[in-house]
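Visitor: Okay, structure incoming, though there's no sequence with it:
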């Protein structure tokens, strides 16, 4: 697993997520561990290296 730190698009706190580099490309939704708002993640790995990481708010 790969731990990646980023800033929440809602509360602006620095949080982390665990990413699986064995999955080359994925999109999923997970709640912020601080403010509990849903974040849509788009993640891409190439040869085990993180190539793309996007954490977008989901407008409600």
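Guide: Arrived safely, thanks for sending. As the structure is a computational prediction, the values presented were derived from the model and not from experiment.
Visitor: Could you list the buried residues of stretch 22-35?
Guide: With burial defined by 16 or more other Cβ atoms under 10 Å, the residues of stretch 22-35 counted as buried are residue 32. No exception for glycine: its C-beta is placed from N, CA and C like everyone else's.
Visitor: same question, stretch 37-52
Guide: Using 16+ other Cβ under 10 Å as the test for burial, stretch 37-52 gives 39, 41, 43, 45.
Visitor: Show me what the helix or strand hosting the second one is packed up against.
Guide: Using DSSP states H and E, residue 41 falls within strand 38-46. Applying 3 or more Cβ pairs under 8 Å, 6 or more residues apart in numbering; DSSP states H and E, we find strand 38-46 packed against strand 14-19, strand 25-31, strand 49-57.
Visitor: Give the rounded mean pLDDT of the first one.
Guide: The predicted model gives strand 14-19 an average pLDDT of 95.
Visitor: swap in stretch 42-52?
Guide: 95.
Visitor: thinking again about what came up before, listing partners with orientation, what would you give for the strand holding residue 41?
Guide: Strand pairing for strand 38-46, using DSSP bridges, gives strand 25-31 (antiparallel), strand 49-57 (antiparallel).
Visitor: How about residue 2: what's its closest non-neighbour residue?
Guide: Nearest non-adjacent residue to residue 2, counting by Cβ to Cβ, 6 or more residues apart in numbering: residue 19, 4.5 Å away.
Visitor: The one you found: neighbour count?
Guide: 17 (other Cβ atoms under 10 Å).
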